[in-house]
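Trainee: could you work out the structure for the sequence below:
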Amino acid sequence: MNKFVASLVLCGFASVSLSGCMDSLEKQVEKDPNGIIGKKTKEIGKLDPNKKDQKIMKDDPEIQVSNPITAGLEVYGPALEKIYKLHVKHAIDLYKAEHDRYPRDYDEFMTDIIEANNIELPVLPGGLKYMYDEENHKLVVVKDVGEEPKKE
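Mentor: Numbering: from 1, shown residues only. Below is the predicted model:
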């Protein structure tokens, strides 16, 4: 009986002393307000091809995996970017098939492609922005040359 009482007291002491060591479940699963995962935007700028302090990123984002354990997280951003750019390209192609022309300008692109199809794009990491290239009729990702993307 003494062993039972001793183990009961020990378990009670352990549960009381360890109960304050962890944050509540709500706090553990709370999203970081500064994080970009899961956030959406409709902010698309108009590409100025003459602007010198911007760099148009490659259409096919290069996926570089440096750690097999975090590979899924490293692939997440470029994969989402590619999927949504294909979604916008498809909407532009459907518009061209229906109207026998591409959107005339940025405003028509925003109204007839983005807003009409209710397209929301994933938020990009710091320094990267979505821009509409009127000349080539496609969505591009642009990086400000003066800024380095923030590590999240």
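
Trainee: so where's this structure shaky on pLDDT?
Mentor: Residue ranges of the chain with pLDDT under 70: 1, 12, 14, 16-25, 27-38, 59-62, 146-152.

Trainee: mind listing the helices for it?
Mentor: 2-18, 25-28, 71-99, 106-109 (DSSP state H).

Trainee: quick one: closest of the ones you listed to residue 124.
Mentor: Smallest distance to residue 124 across the helices of the chain (Cβ to Cβ): 7.2 Å, for helix 71-99. To be clear about C-beta, it is placed using only N, CA and C from the backbone, and glycine gets the same treatment.

Trainee: tell me what that closest one is packed against?
Mentor: For helix 71-99, the packing partners by 3 or more Cβ pairs under 8 Å, 6 or more residues apart in numbering; DSSP states H and E come out as strand 121-122, strand 138-144.

Trainee: distance to residue 41 and mean neighbour count added to those strands, as JSON lines?
Mentor: Output for these, formatted as JSON lines (distance: least, Cβ to Cβ, whole Å; neighbours: other Cβ atoms under 10 Å):
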{"stretch": "strand 121-122", "distance to residue 41": "6", "mean neighbour count": "20"}
{"stretch": "strand 138-144", "distance to residue 41": "12", "mean neighbour count": "19"}
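
Trainee: right, and these - which one's nearest residue 58?
Mentor: Using Cβ to Cβ as the measure, strand 138-144 is the one of these that comes nearest residue 58, at 8.7 Å.

Trainee: strands paired with that closest one, and their directions?
Mentor: Here strand 138-144 is paired, per DSSP bridges, with strand 54-56 (antiparallel), strand 128-133 (antiparallel).
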